[in-house]
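Asker: Just need the structure, nothing else, for what follows:
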Amino acid sequence: MGTLLTRGHPAAQRLVERAIESGRPPHALLLVGPDGVGKTTLALDLAAGLLCLAPDPADRPCRACAACRKVEHGNHPDLHRFGPEGAGQQIRIGQVQQLSADLALLPLEGRFRVAIIEKAHRLNEDAQNALLKTLEEPPAAVVLILAADDGTRLLPTVISRCTRVRLGPVPAEELSKVLVERGVADAARGAALAHLTGGRPGAALALAANSDAVIAQGRLARTLLDLLGAERRRRLEAAPELIDDGATLAAAAGAALPADADAPQAPAPKSRAKSGGGSRRASPAERRAAVTQIVAVWRDVARDLAVAARGGTRELHQHELLEELMDAGKLVDAVQVTVFLERIDAIGRALDSYANPELALDVLLVEWPRTRAAA
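Answerer: Alright, predicted model coming up:
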């Protein structure tokens with residue numbers, strides 16, 4: 001059998017294996033799931049299998065032939081890969097038009113031309129409409145793969161023309177094994193990272209490779225729990241330190257991605273020692289990336305807080321914060337935390353729609369539930 005790098009998604013893996021062995025992949029595939037769950041890895045598995053030169057389809061991808069190595073290094077002429085660009089982090093109509101022109105040509109070396117659109121939920125409406133022509137009248141031997149964190153951001157006409165595959169979190173035991181096999185963590189740390197990141201391999205690998213990011217994530221989570229008992233002014237004053245930690249996480253996530261000239265660049269981490277508790281005036285893209293990371297951590301903390309408020313322990317992701325979560329859970333209203341979870345999801349969608357990141361952060365800080373003693 002060929003070697004897929006994807007782990008923990010058996011149904012999706014079987015679909016890809018069948019597409020490779022049959023040589024009849026869907027012309028358009030929509031992969032939907034949380035950021036860092038493995039959508040790009042699965043897309044590259046399919047690309048490698050379709051472009052692999054191994055004589056027996058059952059052996060593809062072989063990971064040894066020239067085509068497989070080119071896919072791995074990102075320089076196969078029949079593989080097209082791009083994502084959002086610019087301060088607004090959108091995928092624009094010009095990118096899609098260029099892709100359509102490229103896909104109209106015959107493959108140069110392989111049997112197919114494969115295109116991977118990362119962060120496809122950031123296709124603006126004009127770009128999605130431009131993409132429809134390719135989806136409705138796909139050229140021969142073309143496979144288009146859209147990887148989206150949020151499928152609801154895509155037009156129904158785009159979704160309906162794709163074979164849809166949803167990827168959920170990877171089981172903690174499986175993810176822990178992956179981290180150990182890759183030599184980035186021992187069994188104990190692998191298990192902790194798997195739980196901490198909610199079963200998202202990309203996030204787990206980013207944290208495993210960057211000790212500063214692990215520290216920043218823990219500090220960020222503890223600050224959020226401390227703010228449950230803080231009044232409005234203290235909460236808003238905490239925004240710069242939260243953004244510092246969010247920037248560190250964004251930088252780690254960017255470093256964990258494969259090198260790609262078209263991929264958005266993550267911000268560099270900022271030193272609190274130099275900033276005196278604040279951060280330099282970062283670019284709009286840097287601030288958005290930092291706040292997006294804050295929201296991701298905040299969602300996990302709020303989810304665990306809701307579990308703790310109802311007396312749960314085994315379901316917690318933030319195991320290293322067990323005592324703090326259980327203590328805080330006794331002092332907050334579980335219903336308010338559940339309402340906040342809905343609110344943070346709405347704010348996350350607003351960020352994807354280019355809402356002001358600092359304003360979004362201030363709204364969450366003000367609306368974060370208070371402990372009964374602080375209310």
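Asker: Distance from the lengthiest strand in the chain to the middle of the chain?
Answerer: Longest strand of the chain, by residue count under DSSP state E: strand 142-148. Between the centre of strand 142-148 and the centre of its chain there are 16 Å (Cα atoms, centre = their mean, to the nearest Å).
Asker: again with stretch 295-303
Answerer: The answer for stretch 295-303 is 14 Å, by Cα atoms, centre = their mean.
Asker: just stretch 134-141 next, same as before
Answerer: Relative to its chain's centre, stretch 134-141 lies at 28 Å (Cα atoms, centre = their mean).
Asker: Dump it to PDB, restricted to CA.
Answerer: Below are the C-alpha coordinates for stretch 134-141, written out as PDB (Å, rounded to 0.1, in the frame of the first residue of the first chain):
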ATOM      1  CA  THR A 134     -13.900  25.800 -13.200                       C
ATOM      2  CA  LEU A 135     -16.200  23.800 -10.900                       C
ATOM      3  CA  GLU A 136     -19.000  23.600 -13.400                       C
ATOM      4  CA  GLU A 137     -16.800  22.800 -16.400                       C
ATOM      5  CA  PRO A 138     -13.700  21.200 -15.000                       C
ATOM      6  CA  PRO A 139     -10.900  20.600 -17.500                       C
ATOM      7  CA  ALA A 140      -9.900  17.000 -18.000                       C
ATOM      8  CA  ALA A 141      -7.400  15.500 -15.600                       C
END
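Asker: And for it, what's in contact with it?
Answerer: 27-28, 96, 99-100, 103-104, 106-107, 111-113, 142, 144, 158, 161-162 (Cβ atoms under 8 Å, 6 or more residues apart in numbering). C-beta: built from backbone N, CA, C; applies to glycine.
Asker: Which of the residues you listed fall within strands?
Answerer: Counting by DSSP E, the part of these found in strands is Ala28, Arg113, Val142, Leu144.
Asker: Those residues: which two are farthest apart?
Answerer: Greatest spatial distance in the ones in strands among the contacts of stretch 134-141: Ala28 and Arg113, 12.9 Å, computed using Cβ to Cβ.
Asker: Mind checking which of the two has more residues around it?
Answerer: Arg113 (27 against 22; other Cβ atoms under 10 Å).
Asker: isn't that one right next to Asp102, touching?
Answerer: Yes. Between Arg113 and Asp102 a contact is recorded at 7.4 Å, counting by Cβ atoms under 8 Å.
Asker: Which residues are in contact with each of the two?
Answerer: Shared contacts of Arg113 and Asp102, defined by Cβ under 8 Å, 6+ apart, comprise His80.
Asker: Can you identify each of the strands in the chain by residue range?
Answerer: Applying DSSP E to the chain gives strands spanning 28-32, 79-82, 113-117, 142-148, 163-166.
Asker: what stretches of this protein score poorly on pLDDT?
Answerer: Low-confidence regions of the chain, defined here as pLDDT under 70, cover residues 1, 87, 254-282, 314, 317, 373-375.
Asker: And Met326, how close does it get to Cys65?
Answerer: Plainly put, Met326 is 54 Å away from Cys65 if you go by Cβ to Cβ, to the nearest Å.
Asker: I misspoke; the intended subject was Gly86.
Answerer: 36 Å.
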